[in-house]
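Undergrad: Provide a 3D model corresponding to the input given below.
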Amino acid sequence: QVQLVESGGGLVQAGGSLRLSCVASGRTFSRYGMGWFRQSPGQEREFVTAISWDTGVTTYTPSVRGRFTISRDNVKNTLYLQMNNLKPEDTAVYYCTATRRPYSTNYADYNYWGQGTQVTVSS
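TA: Below you'll find the predicted structure:
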């Protein structure tokens with residue numbers, strides 16, 4: 001069992017930056033692939049980025065590539081999302097998630113979810 005708690009969301013102007021954190025409970029964090037998804041009102045939850053258990057593989061949805069960076073610290077049991085050059089269309093609730101697979105970009109593969117943190121980007 002893994003419990004995930006996100007933090008770091010907030011209100012920022014377009015062009016600004018935020019850093020999201022996700023702290024995981026348990027001693028097996030390093031065995032999970034991790035990801036970030038987001039959901040806007042009236043929209044389905046969408047994939048943003050994922051990182052493999054050993055940090056060797058990362059991938060990004062095209063709309064955030066070059067602006068967002070996912071990373072993890074397996075000693076601190078923490079997942080990060082650095083978001084730069086934010087745009088109004090990035091406004092959403094961001095969810096941290098863990099999969100028992102080494103890595104996945106597929107929503108259905110993720111087993112544990114945080115409660116979400118709101119990111120709002122004003123124009």
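Undergrad: quick one: pLDDT of the nearest residue to Val57 once chain neighbours are set aside?
TA: Leaving aside its sequence neighbours, Val57 sits nearest to Tyr103 (C-beta to C-beta, 6 or more residues apart in numbering; 5.4 Å). Bear in mind the C-beta positions are built from the backbone N, C-alpha and C, glycine included. On pLDDT, Tyr103 comes in at 90.
Undergrad: same thing with Gly26?
TA: So, for Gly26, pLDDT stands at 77.
Undergrad: pull the contacting residues for it.
TA: Gly26 makes contacts with 1-3, 77, as judged by C-beta atoms under 8 Å, 6 or more residues apart in numbering.
Undergrad: in TSV: those residues, plus secondary structure, pLDDT and neighbour count.
TA: As requested, the contacts of Gly26 are exported to TSV (DSSP: H, G, I helix; E, B strand; the rest coil; pLDDT from 0 to 100; neighbours: other C-beta atoms under 10 Å):
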residue	secondary structure	pLDDT	neighbour count
Gln1	coil	83	7
Val2	coil	91	20
Gln3	coil	95	13
Asn77	coil	95	18
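Undergrad: number of nearby residues for the residue nearest to Val57?
TA: The number of residues packed near Tyr103 is 19, by other C-beta atoms under 10 Å.
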